[in-house]
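Student: need a 3D model of the following:
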Amino acid sequence: MGSFILFIAVLVIIYQLSNISRNTADALDKQVALQYEIVAVEKRMDELAELLSARQSEGELESAAMADADELVNINHATLKQLTTLPKIGRATAQKIAEARPFSKPEDLKLVQGINEDIFADLAEKITV
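Tutor: Numbering: from 1, shown residues only. Reported below is the predicted structural model:
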């Protein structure tokens, strides 16, 4: 009777080891699949970064062309797109400017986070309230 119980115990152990082996193989297959997905996502991120860089370059050229015009930008009424035509003003800073409105004088723009004296000096002749 003791050898029968030992035989059953060995069978249970073998069964458990086969389950562990199968689960390990499944986990490894999933890991490999995830690694392929990660590589694909990284490639897509690189493509998007290149596209974004190209569009930013185009936007900077467009912004520079628009900012060269002699029109003053009213910082109290300008759209985000108009604000981004100003030198050194990106989308995030334009949003901060819009949120800080109204301004009573152009110098109040220095109170906006991201606008320091140097940036304001570049903007001073291109803005109005």
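Student: quick one: the longest helix that the chain contains to chain centroid distance?
Tutor: Secondary structure of the chain per DSSP state H: the longest helix is helix 2-67. Put simply, helix 2-67 sits 21 Å off its chain's centre (C-alpha atoms, centre = their mean, to the nearest Å).
Student: what mean pLDDT does the helix or strand following that helix get?
Tutor: For helix 2-67, the following helix or strand on the C-terminal side (DSSP states H and E) is strand 73-74. Strand 73-74 comes out with an average pLDDT of 93.
Student: who touches strand 73-74?
Tutor: 82, 83, 85, 86, 126, 127, 128, 129 (C-beta atoms under 8 Å, 6 or more residues apart in numbering). All C-beta atoms are positioned from the backbone trio N, CA, C, and that covers glycine.
Student: can you say which of those are buried?
Tutor: Among the contacts of strand 73-74, those classed as buried by 16 or more other C-beta atoms under 10 Å are 82, 83, 85, 86, 126, 127, 129.
Student: max pairwise distance over those: which two?
Tutor: Maximum pairwise distance among the buried ones among the contacts of strand 73-74 (C-beta to C-beta): 16.9 Å, between 85 and 129.
Student: may I have the distance across stretch 110-118, first residue to last?
Tutor: In stretch 110-118, first residue to last residue: 10 Å (C-alpha to C-alpha, to the nearest Å).
Student: against residue 110, how distant is the residue of the chain positioned farthest from its centre?
Tutor: Distance from the C-alpha centroid of the chain, by C-alpha atoms, centre = their mean, peaks at residue 1 (68.6 Å). Using C-beta to C-beta, to the nearest Å, residue 1 is found at 92 Å from residue 110.
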